[in-house]
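S.K.: Pasting the sequence and the predicted coordinates here, then a few questions.
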Amino acid sequence: MESIAIVTRSFWPESAAIGEALLLLAESLSRKSRVRVIAQAGKGFQRQLRAQQRGKNVNFSMLPAFTTSSSHLALRVLELIVFGFHVFILLCWYRPKKVYVTTNPPIAVPFLVRLYCEMFGKRYVYHLQDLHPEATQVVTRKNNAFLTVLRRIDSKTITRASKIITLTDQMRNYVHERVGTAHRMEIVLLENPAIGEKALADTVRNKGMVFCGNAGRLQLIPLLLGAIESYIEKGGLLPFAFAGGGVYAPKIKELANRHPQVNYLGVLPGYKAAELMQQYTLGLMPIEDEVLHYAFPSKSSSYVTAGCQVVAICGANTSVAQWVESNRFGYVVAPNIEAIVRLFVQLETQEATQPQAPQEFLRRLTPEYHAIELERMILEA
């Protein structure tokens with residue numbers, strides 16, 4: 001019986017979309033293979049598995065999680081180091097024939113997976129859900145020798161993988177550009193799954209905007225908050241709801257405290273976030289243009305599944321703008337306060353509609369589809 005390891009830091013139930021897809025993947029693979037999940041989990045993980053009768057025949061090696069996206073950088077680095085040792089030791093101990101590894105966490109853990117596979121003659125599938133250190137470099141605005149070394153390490157990890165999975169053509173093109181055309185790699189595309197079920201056509205919604213996800217440094221949060229404040233000061237009436245954590249969560253809370261039509265709900269469980277998105281007509285998706293060479297916002301799938309029209313705040317020549325406009329999923333607005341306020345005023349007065357995504361498109365955004373595709377790719381690798 002073939003042995004397979006799934007290595008990722010975020011897992012079910014905290015990661016409501018990808019975590020659910022990976023649990024489904026592990027459960028499906030375990031019917032014909034010995035499967036071990038190496039990840040991190042919150043308190044009560046095993047109790048929740050038993051309560052929901054999940055994870056039958058899957059072996060779990062879970063490290064307790066002790067940081068969040070808003071934790072101090074030193075603590076997050078320490079947790080990454082501990083998790084890396086946890087992964088490498090367990091791989092060497094259990095010796096799986098194949099390893100599926102994601103970029104959560106980036107670079108170091110995929111490198112350790114590569115090291116294990118080279119030492120013992122095993123194979124791995126590398127899922128590039130984002131590209132580092134470039135995505136980090138967009139935040140820090142620094143390019144030094146250390147980042148160059150990390151880029152070279154990760155490029156070698158990419159070229160040694162049996163199969164590479166990423167999200168968009170833009171990301172695939174960048175991977176080819178980074179590693180060079182001399183390396184003939186198989187890079188396949190797989191969209192991130194969505195949180196929640198497809199919204200019903202007659203769902204009653206508030207005419208307003210919702211933001212669900214990480215309020216981090218790549219999401220243009222200061223710009224968005226400035227535009228909302230300007231819109232409200234000009235007499236704008238649309239309500240705004242925010243859910244999620246991140247470094248800018250305190251700024252969102254401050255804005256909510258000043259303006260009754262802004263509501264900050266904190267970090268919500270996946271099913272609550274899905275319910276929140278189904279209560280509003282518009283989903284806010286601000287993103288730095290540069291990072292779209294290296295990532296794609298995961299909330300995009302959830303907004304469409306929830307039936308929200310997407311308000312993408314980004315440049316016109318980006319993968320996000322192309323995705324929104326080609327599928328008629330909503331609006332694209334330039335990342336400046338005046339343009340955003342003008343769009344908010346326009347949306348306040350015009351009738352709200354629900355994006356009409358084809359059924360096949362929505363099916364591809366489900367965790368079930370994601371798990372089926374991942375299983376096929378892993379078994380073929």
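M.R.: Arrived safely, thanks for sending. As the structure is a computational prediction, the values presented were derived from the model and not from experiment.
S.K.: any idea how far the residue nearest to residue 298 when sequence neighbours are not counted lies from residue 14?
M.R.: For residue 298, ignoring the flanking residues on the chain, the nearest one in space by Cβ to Cβ, 6 or more residues apart in numbering is residue 192 at 4.6 Å. Using the backbone N, CA and C atoms, a C-beta is placed for each residue, glycine as well. Per Cβ to Cβ, to the nearest Å, residue 192 is found 16 Å from residue 14.
S.K.: ok, back up a step: so the residue nearest to residue 298 makes contact with residue 303?
M.R.: No: in this structure, residue 192 is not within contact of residue 303 by Cβ atoms under 8 Å, at 11.8 Å.
S.K.: okay, those two: which has more neighbours?
M.R.: Neighbours were counted for residue 192 and for residue 303 using other Cβ atoms under 10 Å; residue 303 has more, 30 against 19.
S.K.: tell me the contacts of that one?
M.R.: Listed by Cβ atoms under 8 Å, 6 or more residues apart in numbering, the contact partners of residue 303 are 212, 277, 283, 285, 310, 329.
S.K.: what about burial for the residues you listed, which qualify?
M.R.: 212, 277, 283, 285, 310, 329 (16 or more other Cβ atoms under 10 Å).
S.K.: From residue 363, how far off is the third one?
M.R.: Separation of residue 283 from residue 363 (Cβ to Cβ): 20 Å.
S.K.: ok, longest helix in the chain?
M.R.: For the chain, the longest helix by residue count, based on DSSP state H, is helix 73-94.
S.K.: Alpha carbons only: can I get the helix or strand following that helix in PDB?
M.R.: Following helix 73-94 in sequence order, the next helix or strand is strand 98-102 (DSSP states H and E). The C-alpha trace of strand 98-102 is given here as PDB (Å, rounded to 0.1, in the frame of the first residue of the first chain):
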ATOM      1  CA  LYS A  98       4.900  10.700  -2.000                       C
ATOM      2  CA  VAL A  99       4.500  14.100  -0.300                       C
ATOM      3  CA  TYR A 100       2.100  16.900  -1.100                       C
ATOM      4  CA  VAL A 101       3.300  20.200   0.200                       C
ATOM      5  CA  THR A 102       1.900  23.700   0.000                       C
END
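S.K.: Quick check: neighbours of strand 98-102 in the sheet, parallel or antiparallel?
M.R.: Strand pairing for strand 98-102, using DSSP bridges, gives strand 3-7 (parallel), strand 123-127 (parallel).
S.K.: Quick one: residues contacting the residue nearest to residue 298.
M.R.: Per Cβ under 8 Å, 6+ apart, neighbours of residue 192: 17, 18, 129, 167, 296, 298, 300, 301, 370.
S.K.: what about the third one, distance to residue 114?
M.R.: This means residue 129. 17 Å.
S.K.: Throw the strands paired with strand 98-102 into TSV and include distance to residue 204, thanks.
M.R.: TSV is the format used below for those (distance: least, Cβ to Cβ, whole Å):
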stretch	distance to residue 204
strand 3-7	39
strand 123-127	38
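S.K.: could I get those strands as TSV with mean pLDDT and mean neighbour count?
M.R.: Formatted as TSV, those follow (pLDDT from 0 to 100; neighbours: other Cβ atoms under 10 Å):
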stretch	mean pLDDT	mean neighbour count
strand 3-7	98	24
strand 123-127	97	23
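S.K.: Indicate which one of these is closest to residue 74.
M.R.: For the strands paired with strand 98-102, proximity to residue 74 was assessed by Cβ to Cβ; strand 3-7 is nearest, at 23.8 Å.
S.K.: angle of that closest one against helix 73-94?
M.R.: 180 degrees (axes from the mean of the first three to the mean of the last three Cα atoms, to 10 degrees).
S.K.: gap between strand 3-7 and the chain center?
M.R.: Distance of strand 3-7 from its chain centroid, counting by Cα atoms, centre = their mean, to the nearest Å, is 21 Å.
S.K.: after it comes which helix or strand?
M.R.: Once the chain leaves strand 3-7, the next helix or strand it forms, by DSSP H and E, is helix 18-29.
S.K.: just to revisit the earlier point, let me have the contacts of residue 192 in CSV, adding pLDDT and secondary structure as columns.
M.R.: Listed next are these as CSV, based on pLDDT from 0 to 100; DSSP: H, G, I helix; E, B strand; the rest coil:
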residue, pLDDT, secondary structure
17, 90, coil
18, 93, helix
129, 93, coil
167, 94, coil
296, 93, coil
298, 87, coil
300, 93, helix
301, 92, helix
370, 96, helix
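S.K.: Quick one: residues contacting the spatially most central residue of the chain.
M.R.: Centroid check for the chain by Cα atoms, centre = their mean gives residue 298 as the closest residue, at 4.1 Å. Counting by Cβ under 8 Å, 6+ apart, residue 298 touches 17, 18, 192, 213.
S.K.: Mind picking the two most distant members of these?
M.R.: The most widely separated members of the contacts of residue 298, counting by Cβ to Cβ, are 18 and 213 (12.7 Å).
S.K.: Go through the helix or strand of the chain with the lowest mean pLDDT and flag the buried ones.
M.R.: When the helices and strands of the chain are scored by mean pLDDT, DSSP states H and E, helix 134-140 comes last with a mean of 80. Within helix 134-140, the residues that count as buried by 16+ other Cβ under 10 Å are 134, 135, 136, 137, 138.
S.K.: Same list (those) but as CSV, adding distance to residue 344.
M.R.: Shown next, in CSV, are those (distance: Cβ to Cβ, whole Å):
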residue, distance to residue 344
134, 32
135, 29
136, 31
137, 32
138, 26
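S.K.: now, which of the residues you listed sits nearest residue 31?
M.R.: Nearest to residue 31 out of those is residue 135 (Cβ to Cβ; 35.6 Å).
S.K.: before we move on, back to that, next, give phi and psi for the residue nearest to residue 298.
M.R.: phi -70, psi 140 (degrees, to the nearest 10).
S.K.: re earlier: neighbouring contacts of the least confident helix or strand of the chain?
M.R.: With contact meaning Cβ under 8 Å, 6+ apart, helix 134-140 is reached by 106, 143, 147, 151, 174, 217-218, 288, 290-291, 293-295.
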